[in-house]
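> turn this into a structure:
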Amino acid sequence: MVDRRRSASRSRARRRRKYQTVAREAPPNFVADLQRLRDWPSMRGSLWRRASLVKLTHAPNARLLTGSIKGRNLKILDVGCGTGCISLELSRMRHDVLGLDRNERMIEIATRTKKTSNSGSGKLQYETADFDKWSGTTGAYDVVIFSRVLHDLPDPENALLKAHRLLKSRGRNSLSRIRVQHDG
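Got it, this is the predicted structure:
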């Protein structure tokens, strides 16, 4: 019999290692801009190594999320924003976006991408923070996004409850998880 908690913990650890690959292997000039894709061959363990892989994974996920957000000039919290590619696309749609990630290196990449990209007229900020410990303002956001991150949080149920408190009265959570396996 398989212990489900142990199996889930191993699965989270494996995903964290893949996630940390971007932070570890990204060259100093790496930018995660879906509108300026290029190959990054030195990032062997990451989908970013080939623009075609990003077009098949990150780009459709970004389109799914950005397409699901209706309204103008919304205030959006992007939990676990990683390289910030979705936050950037939302900013280009004129939304004010705060991207949170606990990995300082990922926030550095997101900030560099923002500085070298046209981020539209929406306000775009990034902050290094662990969502479980981060104290946001109750009722401050129109949308809270969890893109490919909720399953990696230690307590997903509490994270969703916290997100609900951060939402304005007619706000909503947006969740996505796309799993793509590839060889090499």
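
> residue ranges of the strands in the protein, please?
75-79, 96-101, 124-128, 141-147, 167-176 (DSSP state E).

> could you check the angle strand 124-128 makes with the second one?
This means strand 96-101. Calculated by axes from the mean of the first three to the mean of the last three C-alpha atoms, to 10 degrees, strand 96-101 forms an angle of 20 degrees with strand 124-128.

> on that earlier part again, looking at the strands of the chain, which one has the lowest mean pLDDT?
Of all these, mean pLDDT reaches its minimum on strand 167-176 (a mean of 78).

> report the angle between that one and strand 141-147.
Using the same axes, to 10 degrees: strand 167-176 against strand 141-147 is 20 degrees.

> quick one on the thing from earlier: figure out which of the strands of the chain is closest to Ala62.
With respect to Ala62, and counting by C-beta to C-beta, the nearest of the strands of the chain is strand 141-147 at 8.1 Å. C-beta: built from backbone N, CA, C; applies to glycine.

> that closest one pairs with which strands?
Applying DSSP bridges, strand 141-147 is found paired with strand 75-79 (parallel), strand 167-176 (parallel).

> dump the strands of the chain to CSV, plus distance to Leu90 and mean neighbour count.
What follows is those, written out as CSV (distance: least, C-beta to C-beta, whole Å; neighbours: other C-beta atoms under 10 Å):
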stretch, distance to Leu90, mean neighbour count
strand 75-79, 6, 25
strand 96-101, 5, 24
strand 124-128, 8, 18
strand 141-147, 8, 24
strand 167-176, 10, 15
